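Undergrad: Provided below are the primary sequence and the corresponding predicted coordinates.
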Amino acid sequence: MSHERFTFVLQSSLMATPRVRQLNFRREDGTPFSSAPGQFITLHLPWQDMELRRSYSVATIPGSVDDVQIAVTHVEGGRATKLLFDMTPGARVEATGPFGRFMLRDDPPGRYLLVATGTGISPYRAMLPQLRARLDGKQHTAALLLGVRGPDELLFGEDFVSFARENPAFEFIASYSRRMPEPPVAHARKGYVQDHLMELKPDPTRDIVYLCGNPDMIDTAVERLKAIGFDNHNLRREKYVSSN
């Protein structure tokens with residue numbers, strides 16, 4: 001864990017979905033930024049006479065680009081939202097990190113069930129090369145479930161659809177709570193991600209469940225999973241709490 005404070009410079013940004021902005025940073029001093037897939041950074045944002053601290057999972061697929069990519073959800077009236085959504089290339093922001101233990105471990109053969117809502121999908125995107133290596137080893141399988149309101153909010157969806165196409169041991173499920181895609185697509189399900197998780201018949205003797213995103217989703221899923229025999233050794237979670 002690094003408490004070193006450094007400066008990021010914004011390289012580019014784009015609206016990845018109608019409510020989520022992707023920001024791409026590099027260190028101002030040119031030092032390559034290194035993190036383990038699943039970790040997060042903390043941005044230190046000046047606001048009037050105080051400093052806001054906001055943490056975001058690194059979404060960069062290792063080896064794909066040099067940028068540190070994060071996804072930021074628009075929060076109505078949010079102070080950090082305004083600062084980050086208004087940033088233009090060349091803007092600077094103080095940061096620390098990486099932090100966190102929400103990472104793939106040296107687990108025995110079995111199935112990974114990776115569950116997310118919204119921007120909670122970010123750490124799983126960073127894990128894709130690790131997952132590919134484990135799936136190629138024929139000892140693991142994996143299913144990734146992303147819960148959003150509708151198809152236009154499927155953050156990084158193409159990355160996971162392509163990954164599923166290339167890796168038969170990987171399944172991608174998009175859970176849409178409000179709007180279904182037209183025309184229908186094979187990976188789409190109507191309803192909530194925690195319900196679709198249970199439809200996969202999680203097995204505490206072989207499955208490891210990762211949960212990232214909305215705290216209510218995580219709490220509901222954990223309650224259901226513990227009721228069928230899961231405990232802390234095969235449940236791993238990272239809650240995202242919206243801040244003003």
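TA: Good, I have the coordinates.

Undergrad: contacting residues around the nearest residue to residue 3 once chain neighbours are set aside?
TA: Closest residue to residue 3 in three dimensions, ignoring its sequence neighbours and counting by Cβ to Cβ, 6 or more residues apart in numbering: residue 96, at 5.9 Å. For the C-beta atoms, the positions are set from N, CA and C on the backbone; glycine is no exception. For residue 96, the contacting residues are 2, 3, 4, 5, 6, 41, 42, 44, by Cβ atoms under 8 Å, 6 or more residues apart in numbering.

Undergrad: And for residue 145?
TA: 113, 114, 115, 116, 173, 174, 175, 193, 196, 197, 200.

Undergrad: Next, find the distance separating the second one from residue 85.
TA: To tie it back to what came earlier, the one meant is residue 114. For residue 114, the distance to residue 85 equals 28 Å [Cβ to Cβ, to the nearest Å].

Undergrad: cool, the first one as well?
TA: Residue 113 sits 33 Å away from residue 85, taking Cβ to Cβ as the criterion.

Undergrad: which of the two has more neighbours?
TA: Of the pair residue 113 and residue 85, residue 113 is the one with more neighbours under other Cβ atoms under 10 Å, namely 23 against 15.

Undergrad: residues contacting the more buried one?
TA: 142, 143, 145, 197, 200, 202, 207, 208, 209, 210.

Undergrad: Please apply the same query to residue 87.
TA: 10, 13, 23, 93.

Undergrad: Tell me which entries of the residues you listed lie within strands.
TA: 10, 13, 23, 93 (DSSP state E).

Undergrad: Would you check which pair of the residues you listed lies furthest apart?
TA: Largest separation among the ones in strands among the contacts of residue 87 by Cβ to Cβ: 13 and 93, giving 11.9 Å.

Undergrad: who's more crowded, these two?
TA: Just comparing residue 13 and residue 93: by other Cβ under 10 Å the higher neighbour count belongs to residue 13, 21 against 18.

Undergrad: Need the per-residue pLDDT for the more buried one.
TA: At residue 13, the predicted lDDT confidence score is 97.

Undergrad: which ones are touching it?
TA: Neighbours of residue 13 in contact, by Cβ under 8 Å, 6+ apart: 21, 22, 23, 24, 87, 88, 89.

Undergrad: Quick check: of those residues, which has the highest neighbour count?
TA: residue 23 (25 neighbours).

Undergrad: element containing residue 189?
TA: strand 188-190 (DSSP states H and E).

Undergrad: what element comes up after that strand heading to the C-terminus?
TA: Once strand 188-190 ends, the next helix or strand along the chain (criterion: DSSP H and E) is helix 193-199.

Undergrad: Distance from that next one to the middle of the chain?
TA: Remark: helix 193-199 is offset 18 Å from the chain centroid, using Cα atoms, centre = their mean, to the nearest Å.

Undergrad: Pull out the buried positions in that helix.
TA: Under the neighbour-count criterion of 16 or more other Cβ atoms under 10 Å, helix 193-199 has 193, 194, 195, 196, 197 buried.

Undergrad: how near is residue 90 to residue 194?
TA: 42 Å.

Undergrad: surely residue 70 meets residue 23?
TA: Yes. Contact criterion Cβ atoms under 8 Å: residue 70 and residue 23 qualify, at 5.4 Å.

Undergrad: ok, back up a step: can I get the contacts of residue 145 in TSV with pLDDT?
TA: Below are the contacts of residue 145 laid out as TSV (pLDDT from 0 to 100):
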residue	pLDDT
113	98
114	98
115	98
116	98
173	98
174	98
175	98
193	98
196	98
197	98
200	98
